[in-house]
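Engineer: coordinates only, sequence not included:
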């Protein structure tokens, strides 16, 4: 792959990630759009961990799957490959960034 191929891959991956985020955010946070972080804030409301830590736990879960893939070259779940974990990490990072920005945390 050359640089142009890399950039095309980046656009394709990020476009796919955005479309997936729109669908998943509707499912996890409701279709009103007023509380886009609702599922992450629930872990804090339940006393499990802070909302910020909730984002990091989900990212760590996906990194664990990628670590398994890197070690063995395969994943056991047929309908969820390594790229699904990558896209989820992208979206969790964007969500985390947006959450922090919304709270004016520096």
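Structural biologist: Nice, I can see it. All figures in this text were calculated on a predicted structure; none of them were measured in a lab. Numbering: from 1, shown residues only.
Engineer: packing partners for the helix or strand bottoming out on mean pLDDT in the chain?
Structural biologist: Lowest on mean pLDDT, DSSP states H and E among the helices and strands of the chain sits helix 38-45, with a mean of 93. Packing partners of helix 38-45 (3 or more C-beta pairs under 8 Å, 6 or more residues apart in numbering; DSSP states H and E): helix 3-29, helix 51-72. Just so you know, the C-beta spots here come from the backbone N, C-alpha and C atoms, and that holds for glycine as well.
Engineer: hmm, try it at 10 Å
Structural biologist: helix 3-29, helix 51-72, helix 82-103 (3 or more C-beta pairs under 10 Å, 6 or more residues apart in numbering; DSSP states H and E).
Engineer: using CSV, lay out those together with mean neighbour count and mean pLDDT.
Structural biologist: Shown next, in CSV, are those (neighbours: other C-beta atoms under 10 Å; pLDDT from 0 to 100):
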stretch, mean neighbour count, mean pLDDT
helix 3-29, 12, 96
helix 51-72, 15, 97
helix 82-103, 16, 96
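Engineer: make a markdown table out of these and add distance to residue 43.
Structural biologist: As requested, the helices and strands packed on helix 38-45 are exported to a markdown table (distance: least, C-beta to C-beta, whole Å):
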| stretch | distance to residue 43 |
| --- | --- |
| helix 3-29 | 12 |
| helix 51-72 | 4 |
| helix 82-103 | 12 |
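Engineer: residue 36 is nearest to which of these?
Structural biologist: Judged by C-beta to C-beta, the one of those that comes nearest to residue 36 is helix 3-29, at 5.2 Å.
Engineer: nothing else from me, thank you.
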